[in-house]
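Enquirer: here is a sequence with its predicted model. Questions after.
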Amino acid sequence: MGCVSAVPQPRTDTGPEPDSDPAARGGGSRRSVAAALLLGALGATVVLLASGRIWARGTAAAAGGGALPLSADGRAVTGVPAALAIVALAALVAVFAVRGRSRLLVSGLLALSGLGAGLAALAGAGDRAALDDAAARSTADTAAHAAALTHTTWPMVSAAGALLILAAGLLALRFGRSWPAMGGRYERDGTPRPRKAAVVDPDRPEDLWKALDRGEDPTSGH
């Protein structure tokens, strides 16, 4: 008798491998939510704090020949970063209150708030208009200008905070579809909920009368 050798059959299962299990997807969603919340809240806080710090210093010539010290904080230089930081905080909360296309729009608003705040902070880093205005007020001379102008690092700090807001917005745009919505677990699915029957005490006549008023048979459970 001849020998028969077994020939291995080619594998025909070419179906796609599962991407990941639900637990892994849920873990990734939770991580992106936590990262966006942390980045957005931290960035807005940094922008608001930096806006209240001194951004520029200088001097103005006094009438007696001396020099008046001048300073301008971030809100005097430009109020845009602080305003957009507040908008970003509102958008960060609203992201979890909406779904679908509305969530996409709010996520875009969050990202644009960070971008706008950063550009405004960078533009104000070399601004001298606020100090010139302070010089005019201090000397009562509308033609006065600030001298010995210097800038602090707080505009850069504000821009860094705005970058964190932008990162939070980009995370929301990328992963926001899988994030839960506030109150989602409490939403009704439209199915009627079973009505619990009231407990009727046969020894209490008022319970019997209430059951009869509801159309129930108080003796059905006994």
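Expert: Nice, thanks for sending it over. Worth saying up front: this structure is predicted, and the values here are computed from it rather than measured.

Enquirer: for I165, see how far away the closest residue in space to A50 that isn't next to it in sequence is.
Expert: Of all residues not flanking A50 in the chain, S158 sits nearest, at 3.8 Å (CB to CB, 6 or more residues apart in numbering). (C-beta placed from N, C-alpha, C; glycine too.) Counting by CB to CB, to the nearest Å, the gap from S158 to I165 is 11 Å.

Enquirer: overlap in contacts of those two?
Expert: Common contact partners of S158 and I165 (CB atoms under 8 Å, 6 or more residues apart in numbering): 47, 117.

Enquirer: which helices and strands sit right next to the lengthiest helix in the chain?
Expert: Longest helix in the chain by number of residues (criterion: DSSP state H): helix 22-51. Applying 3 or more CB pairs under 8 Å, 6 or more residues apart in numbering; DSSP states H and E, we find helix 22-51 packed against helix 74-77, helix 80-94, helix 100-124, helix 154-175.

Enquirer: which of these sits closest to A181?
Expert: helix 100-124 (8.0 Å; CB to CB).

Enquirer: and the contacts of the very next helix or strand once past the closest one?
Expert: Using DSSP states H and E, the helix or strand that directly follows helix 100-124 along the chain is helix 129-139. Residues outside helix 129-139 that contact it (CB under 8 Å, 6+ apart): 55-58, 60-63, 68, 70-72, 76-77, 141-146, 149.

Enquirer: what's near enough to touch A67?
Expert: Neighbour list for A67: 59-61, 147-148 [criterion: CB under 8 Å, 6+ apart].

Enquirer: could you do G116 as well?
Expert: Counting by CB under 8 Å, 6+ apart, G116 touches 80, 84, 162.

Enquirer: distance of it from L38?
Expert: From G116 to L38 the distance is 21 Å (CB to CB).

Enquirer: give me the below-cutoff pLDDT ranges for this protein.
Expert: Along the chain, the parts satisfying pLDDT under 70 run over 1-28, 63-64, 182-222.
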